[in-house]
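Trainee: Below: sequence and its predicted model.
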Amino acid sequence: MNITIEQLTPAIGAVVSGVDLSRPLDAQTRDAVEALMLAHQVIFFRDQALTEEQQRDLAAGFGPLHIHPIYPRCERVPEIMLLDTALNDLRDNALWHSDVSFTETPSLGAVLLARKVPALGGDTLWASATAAYDALPDTLKTYLGTLSATHDLAKSFPAERFGSEQLAAAKRSNPPVVHPVIRTHPVTGKKAIFVSEGFTTGIVGMEPPMAEPLLAMLYAHVARPEYTVRWKWRAGDVAIWDNRVTQHYATYDYGDAHRVMNRATIMGDRPF
(Lines give C-alpha, C1' and ligand atoms only; values in the text may rest on other atoms or scores of the structure.)
Protein backbone atom coordinates (compact mmCIF):
# COMPACT_ATOMS: atom_id res chain seq x y z
CA MET A 1 0.00 0.00 0.00
CA ASN A 2 1.05 3.59 -0.62
CA ILE A 3 -1.41 5.39 1.64
CA THR A 4 -0.71 8.96 2.72
CA ILE A 5 -2.61 10.99 5.32
CA GLU A 6 -3.06 14.74 5.74
CA GLN A 7 -4.54 15.56 9.14
CA LEU A 8 -6.96 18.49 8.93
CA THR A 9 -7.44 19.64 12.54
CA PRO A 10 -6.10 18.56 15.95
CA ALA A 11 -9.47 17.10 16.94
CA ILE A 12 -10.96 15.52 13.83
CA GLY A 13 -10.55 14.87 10.12
CA ALA A 14 -7.94 13.67 7.64
CA VAL A 15 -7.54 13.38 3.88
CA VAL A 16 -6.44 9.93 2.72
CA SER A 17 -4.65 9.39 -0.59
CA GLY A 18 -3.47 6.24 -2.33
CA VAL A 19 -6.68 4.20 -2.09
CA ASP A 20 -8.98 3.46 -5.03
CA LEU A 21 -12.34 2.85 -3.37
CA SER A 22 -13.90 1.56 -6.59
CA ARG A 23 -11.84 -1.62 -6.31
CA PRO A 24 -12.67 -4.28 -3.71
CA LEU A 25 -10.51 -3.64 -0.65
CA ASP A 26 -8.23 -6.46 0.40
CA ALA A 27 -8.13 -7.26 4.11
CA GLN A 28 -5.01 -5.19 4.74
CA THR A 29 -6.40 -2.08 3.03
CA ARG A 30 -9.81 -2.46 4.61
CA ASP A 31 -8.22 -2.70 8.07
CA ALA A 32 -6.05 0.34 7.32
CA VAL A 33 -9.09 2.40 6.28
CA GLU A 34 -10.96 1.36 9.42
CA ALA A 35 -7.97 2.24 11.59
CA LEU A 36 -7.77 5.68 10.01
CA MET A 37 -11.49 6.21 10.56
CA LEU A 38 -11.10 5.27 14.22
CA ALA A 39 -8.09 7.55 14.62
CA HIS A 40 -9.45 10.62 12.79
CA GLN A 41 -13.23 10.01 13.12
CA VAL A 42 -13.94 11.29 9.59
CA ILE A 43 -11.70 10.65 6.59
CA PHE A 44 -11.95 12.04 3.06
CA PHE A 45 -10.95 10.64 -0.32
CA ARG A 46 -10.70 12.78 -3.46
CA ASP A 47 -11.39 11.81 -7.09
CA GLN A 48 -13.29 8.57 -6.55
CA ALA A 49 -15.49 7.12 -9.31
CA LEU A 50 -17.97 4.73 -7.71
CA THR A 51 -21.11 3.13 -9.04
CA GLU A 52 -23.96 2.62 -6.61
CA GLU A 53 -23.06 -1.06 -6.42
CA GLN A 54 -19.42 -0.28 -5.64
CA GLN A 55 -20.42 2.20 -2.94
CA ARG A 56 -22.76 -0.36 -1.39
CA ASP A 57 -20.10 -3.07 -1.44
CA LEU A 58 -17.50 -0.74 0.06
CA ALA A 59 -19.80 0.15 2.96
CA ALA A 60 -20.91 -3.46 3.44
CA GLY A 61 -17.29 -4.38 4.10
CA PHE A 62 -17.69 -2.65 7.48
CA GLY A 63 -21.05 -4.12 8.50
CA PRO A 64 -24.72 -4.61 7.57
CA LEU A 65 -26.40 -1.68 5.86
CA HIS A 66 -29.44 0.37 6.83
CA ILE A 67 -32.31 1.30 4.50
CA HIS A 68 -33.74 4.66 5.47
CA PRO A 69 -37.50 4.62 6.16
CA ILE A 70 -38.20 8.07 4.65
CA TYR A 71 -35.52 9.37 2.28
CA PRO A 72 -35.56 8.24 -1.37
CA ARG A 73 -33.29 5.36 -2.32
CA CYS A 74 -31.72 4.03 -5.48
CA GLU A 75 -34.21 1.64 -7.11
CA ARG A 76 -31.45 -0.67 -8.29
CA VAL A 77 -29.47 -0.53 -5.03
CA PRO A 78 -31.87 0.27 -2.16
CA GLU A 79 -29.04 0.46 0.37
CA ILE A 80 -27.98 3.74 -1.33
CA MET A 81 -29.90 6.72 0.04
CA LEU A 82 -30.41 9.59 -2.39
CA LEU A 83 -29.80 13.04 -0.92
CA ASP A 84 -30.90 14.91 -4.02
CA THR A 85 -32.40 18.40 -3.89
CA ALA A 86 -34.55 17.48 -6.89
CA LEU A 87 -36.17 14.66 -4.90
CA ASN A 88 -36.35 15.86 -1.31
CA ASP A 89 -36.02 18.84 1.01
CA LEU A 90 -32.57 18.73 2.57
CA ARG A 91 -33.13 21.42 5.19
CA ASP A 92 -33.44 18.61 7.74
CA ASN A 93 -29.72 17.94 7.43
CA ALA A 94 -28.85 21.54 8.30
CA LEU A 95 -28.57 20.85 12.00
CA TRP A 96 -26.17 18.86 14.13
CA HIS A 97 -27.11 15.20 14.29
CA SER A 98 -25.88 11.64 14.56
CA ASP A 99 -27.38 9.39 11.88
CA VAL A 100 -30.38 7.22 12.76
CA SER A 101 -29.93 7.59 16.52
CA PHE A 102 -33.71 7.01 16.57
CA THR A 103 -33.02 3.25 16.21
CA GLU A 104 -32.08 0.74 18.90
CA THR A 105 -28.75 0.17 17.15
CA PRO A 106 -27.67 3.51 15.66
CA SER A 107 -25.31 3.76 12.75
CA LEU A 108 -21.69 2.66 13.12
CA GLY A 109 -20.76 4.98 10.28
CA ALA A 110 -21.43 5.90 6.68
CA VAL A 111 -19.92 6.23 3.23
CA LEU A 112 -21.02 9.48 1.57
CA LEU A 113 -20.26 10.19 -2.09
CA ALA A 114 -20.62 13.60 -3.74
CA ARG A 115 -22.11 13.22 -7.22
CA LYS A 116 -23.09 16.84 -7.97
CA VAL A 117 -22.24 19.85 -5.84
CA PRO A 118 -22.97 23.59 -6.03
CA ALA A 119 -20.26 25.94 -7.23
CA LEU A 120 -20.50 27.64 -3.84
CA GLY A 121 -21.88 26.34 -0.56
CA GLY A 122 -23.13 22.94 0.46
CA ASP A 123 -20.20 22.20 2.78
CA THR A 124 -20.55 19.57 5.52
CA LEU A 125 -19.15 19.96 9.03
CA TRP A 126 -18.27 17.16 11.44
CA ALA A 127 -17.75 17.51 15.18
CA SER A 128 -15.79 15.22 17.49
CA ALA A 129 -18.08 14.26 20.36
CA THR A 130 -15.10 12.66 22.12
CA ALA A 131 -13.08 15.89 22.07
CA ALA A 132 -16.15 17.72 23.36
CA TYR A 133 -16.58 15.16 26.16
CA ASP A 134 -12.91 15.31 27.13
CA ALA A 135 -13.18 19.08 27.62
CA LEU A 136 -16.02 18.82 30.17
CA PRO A 137 -15.34 19.23 33.90
CA ASP A 138 -14.93 15.90 35.68
CA THR A 139 -17.93 16.54 37.94
CA LEU A 140 -20.15 17.13 34.91
CA LYS A 141 -18.79 14.02 33.19
CA THR A 142 -19.76 11.97 36.23
CA TYR A 143 -23.26 13.44 36.37
CA LEU A 144 -23.94 13.06 32.66
CA GLY A 145 -22.80 9.44 32.87
CA THR A 146 -25.85 8.71 35.04
CA LEU A 147 -28.36 10.07 32.50
CA SER A 148 -30.24 8.65 29.52
CA ALA A 149 -32.03 10.52 26.75
CA THR A 150 -34.90 9.87 24.37
CA HIS A 151 -34.33 9.92 20.60
CA ASP A 152 -37.26 10.27 18.21
CA LEU A 153 -37.41 10.13 14.41
CA ALA A 154 -40.36 12.55 14.42
CA LYS A 155 -38.21 15.45 15.63
CA SER A 156 -36.40 15.79 12.30
CA PHE A 157 -39.33 14.67 10.14
CA PRO A 158 -42.32 16.73 11.32
CA ALA A 159 -45.75 15.81 10.03
CA GLU A 160 -46.40 19.27 8.62
CA ARG A 161 -43.60 18.74 6.10
CA PHE A 162 -43.61 14.97 5.78
CA GLY A 163 -47.30 14.26 6.16
CA SER A 164 -47.69 10.95 4.39
CA GLU A 165 -48.41 7.32 4.97
CA GLN A 166 -44.70 6.68 4.56
CA LEU A 167 -43.95 8.92 7.55
CA ALA A 168 -46.70 7.28 9.59
CA ALA A 169 -45.30 3.84 8.77
CA ALA A 170 -41.78 5.03 9.66
CA LYS A 171 -42.99 6.24 13.06
CA ARG A 172 -44.73 2.94 13.73
CA SER A 173 -41.57 1.03 12.81
CA ASN A 174 -39.31 3.39 14.75
CA PRO A 175 -40.88 4.38 18.07
CA PRO A 176 -38.82 6.61 20.40
CA VAL A 177 -35.79 4.90 21.95
CA VAL A 178 -33.58 5.60 24.96
CA HIS A 179 -29.77 5.84 24.82
CA PRO A 180 -27.16 6.94 27.36
CA VAL A 181 -26.26 10.63 27.25
CA ILE A 182 -22.61 9.56 27.30
CA ARG A 183 -21.75 6.51 25.22
CA THR A 184 -18.58 4.42 25.18
CA HIS A 185 -16.96 3.52 21.88
CA PRO A 186 -17.03 -0.30 21.57
CA VAL A 187 -13.54 -0.44 19.98
CA THR A 188 -11.50 2.45 21.38
CA GLY A 189 -13.21 2.73 24.76
CA LYS A 190 -13.40 6.52 24.37
CA LYS A 191 -16.44 8.31 25.78
CA ALA A 192 -18.54 10.69 23.70
CA ILE A 193 -21.52 12.97 24.12
CA PHE A 194 -24.44 11.18 22.47
CA VAL A 195 -27.27 13.69 22.30
CA SER A 196 -28.00 15.89 19.28
CA GLU A 197 -30.50 18.50 18.21
CA GLY A 198 -31.46 16.27 15.31
CA PHE A 199 -33.21 13.52 17.23
CA THR A 200 -32.90 13.98 21.02
CA THR A 201 -36.20 15.02 22.60
CA GLY A 202 -35.58 14.86 26.34
CA ILE A 203 -33.76 13.36 29.30
CA VAL A 204 -35.38 10.41 31.04
CA GLY A 205 -36.84 11.33 34.42
CA MET A 206 -36.20 15.07 34.01
CA GLU A 207 -38.89 17.66 33.36
CA PRO A 208 -38.45 19.74 30.18
CA PRO A 209 -37.71 23.04 32.01
CA MET A 210 -34.64 21.36 33.51
CA ALA A 211 -33.69 19.08 30.62
CA GLU A 212 -33.90 21.60 27.79
CA PRO A 213 -31.19 24.00 29.10
CA LEU A 214 -28.86 21.07 29.79
CA LEU A 215 -29.39 19.65 26.31
CA ALA A 216 -28.97 23.07 24.70
CA MET A 217 -25.64 23.48 26.50
CA LEU A 218 -24.44 20.08 25.26
CA TYR A 219 -25.54 20.79 21.68
CA ALA A 220 -23.66 24.09 21.66
CA HIS A 221 -20.61 22.56 23.34
CA VAL A 222 -20.22 19.76 20.76
CA ALA A 223 -20.44 22.32 17.94
CA ARG A 224 -17.63 24.56 19.24
CA PRO A 225 -15.24 25.33 16.35
CA GLU A 226 -12.23 23.71 18.03
CA TYR A 227 -13.93 20.30 17.88
CA THR A 228 -15.02 20.55 14.23
CA VAL A 229 -13.81 20.22 10.65
CA ARG A 230 -15.50 21.73 7.59
CA TRP A 231 -15.29 19.98 4.23
CA LYS A 232 -15.79 21.74 0.88
CA TRP A 233 -17.01 19.09 -1.53
CA ARG A 234 -15.90 18.36 -5.06
CA ALA A 235 -17.74 15.85 -7.24
CA GLY A 236 -16.12 12.47 -6.66
CA ASP A 237 -15.25 13.10 -3.02
CA VAL A 238 -16.02 10.36 -0.50
CA ALA A 239 -16.31 10.78 3.26
CA ILE A 240 -16.27 7.84 5.67
CA TRP A 241 -17.00 8.62 9.30
CA ASP A 242 -17.46 7.03 12.70
CA ASN A 243 -21.03 7.95 13.56
CA ARG A 244 -20.70 6.62 17.11
CA VAL A 245 -18.50 9.51 18.24
CA THR A 246 -19.25 12.31 15.76
CA GLN A 247 -22.07 14.60 14.73
CA HIS A 248 -22.40 16.37 11.40
CA TYR A 249 -24.15 19.35 9.85
CA ALA A 250 -24.87 19.75 6.12
CA THR A 251 -25.07 23.46 5.35
CA TYR A 252 -28.07 24.59 3.32
CA ASP A 253 -26.71 27.81 1.84
CA TYR A 254 -26.82 27.13 -1.90
CA GLY A 255 -30.34 28.25 -2.80
CA ASP A 256 -31.77 26.53 -5.86
CA ALA A 257 -28.47 24.94 -6.95
CA HIS A 258 -28.66 21.21 -7.59
CA ARG A 259 -26.84 19.04 -5.03
CA VAL A 260 -26.71 15.24 -5.20
CA MET A 261 -25.10 13.02 -2.56
CA ASN A 262 -25.34 9.23 -2.19
CA ARG A 263 -25.07 7.70 1.27
CA ALA A 264 -24.64 4.13 2.43
CA THR A 265 -25.28 3.79 6.15
CA ILE A 266 -23.54 1.07 8.19
CA MET A 267 -25.49 -0.22 11.16
CA GLY A 268 -23.87 -0.49 14.56
CA ASP A 269 -24.71 -1.85 17.98
CA ARG A 270 -26.65 -0.73 21.04
CA PRO A 271 -24.96 2.22 22.77
CA PHE A 272 -23.62 1.68 26.28
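Mentor: Cool, the structure landed.
Trainee: quick one: what helix or strand has T142 in it?
Mentor: helix 138-144 (DSSP states H and E).
Trainee: Could you find the closest non-adjacent residue to V117?
Mentor: Leaving aside its sequence neighbours, V117 sits nearest to W233 (C-beta to C-beta, 6 or more residues apart in numbering; 4.5 Å). Just so you know, the C-beta spots here come from the backbone N, C-alpha and C atoms, and that holds for glycine as well.
Trainee: Just to check, T103 is in contact with V178?
Mentor: No. Between T103 and V178 there is no contact under C-beta atoms under 8 Å: 11.9 Å.
Trainee: Just want to know which of these two has more residues nearby.
Mentor: Per other C-beta atoms under 10 Å, whichever of T103 and V178 has more neighbours is T103, with 20 against 13.
Trainee: who's in contact with the more buried one?
Mentor: H66, N174, V177, M267 (C-beta atoms under 8 Å, 6 or more residues apart in numbering).
Trainee: mind putting the residues you listed in a markdown table, pLDDT and secondary structure included?
Mentor: Formatted as a markdown table, the contacts of T103 follow (pLDDT from 0 to 100; DSSP: H, G, I helix; E, B strand; the rest coil):
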| residue | pLDDT | secondary structure |
| --- | --- | --- |
| H66 | 94 | strand |
| N174 | 83 | coil |
| V177 | 97 | strand |
| M267 | 96 | strand |
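Trainee: who wins for neighbours among those?
Mentor: H66 (23 neighbours).
Trainee: now that residue, nearest residue through space, not along the chain?
Mentor: H66 sits nearest to T265 (C-beta to C-beta, 6+ apart), 4.2 Å away.
Trainee: Which helix or strand contains that neighbour?
Mentor: Assigned by DSSP H and E, T265 falls in strand 260-267.
Trainee: partners of that strand, with directions?
Mentor: strand 65-66 (antiparallel), strand 80-84 (antiparallel), strand 107-116 (antiparallel) (DSSP bridges).
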